[in-house]
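> Please work out how this folds:
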Amino acid sequence: MATDKGYVGYVMDMLGHFDGVSTRAMMGEYVLYFRDKVIGGIYNNRVLLKRVPAIDRMIPKVKLEIPYSGAKEMVLLEDIENRTFTKELFESMYDELPINKKRKK
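As a prediction, this is how the structure comes out:
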């Protein structure tokens with residue numbers, strides 16, 4: 001099941017006031033970027049984040065889900081409407097995210 005474009009619009013409405021949040025469509029789903037680093041994605045109408053130590057510090061009981069068959073588990077962002085918490089979470093995750101690899105042309 002692919003992510004509904006209306007859901008992506010809703011997610012971007014919730015996160016759009018954060019500086020540097022963007023998405024890129026990829027095979028019916030969406031990669032989620034924060035300041036040019038991959039922070040997670042939107043899969044089957046769910047926002048899933050990469051698991052980094054900051055998440056474990058800020059969310060005591062994380063809910064792990066698999067975005068697609070064969071992928072690593074990711075953390076479900078359940079309360080996307082809590083913009084203050086989500087922004088703090090993204091900020092704390094940023095330094096722990098890997099730097100994106102440059103694509104060969």
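
> what about the chain, any weak spots by pLDDT?
For the chain, applying pLDDT under 70 flags the ranges 1, 102-105.

> what ranges do the strands span in it?
Applying DSSP state E to the chain gives strands spanning 21-26, 29-34, 37-43, 46-49, 64-65, 74-76.

> quick one: which of those is nearest residue 15?
Nearest of those to residue 15, taken as Cβ to Cβ: strand 21-26 at 4.5 Å. (C-beta placed from N, C-alpha, C; glycine too.)

> What separation is there between residue 7 and residue 89?
20 Å (Cβ to Cβ, to the nearest Å).

> Give me the more crowded residue out of these two.
residue 89 (22 against 15; other Cβ atoms under 10 Å).

> For that one, give its distance to residue 68.
Shown here: residue 89 relative to residue 68, a distance of 23 Å by Cβ to Cβ.

> what's the answer for residue 74, then?
For residue 74 relative to residue 68 (Cβ to Cβ), the value is 10 Å.

> Compare neighbour counts for the two and give me the winner.
For residue 74 versus residue 68, the count of surrounding residues by other Cβ under 10 Å is larger for residue 74: 22 against 12.

> Just list the residues touching the more buried one, thanks.
Residues near residue 74 by Cβ atoms under 8 Å, 6 or more residues apart in numbering: 40, 41, 48, 49, 50, 51, 64, 65, 66, 67.

> can you check residue 17 too?
residue 83.

> Pull out the buried residues from stretch 76-85.
Residues 76, 77 are the ones in stretch 76-85 that count as buried (16 or more other Cβ atoms under 10 Å).

> Quote the end-to-end distance of that stretch.
14 Å (Cα to Cα, to the nearest Å).
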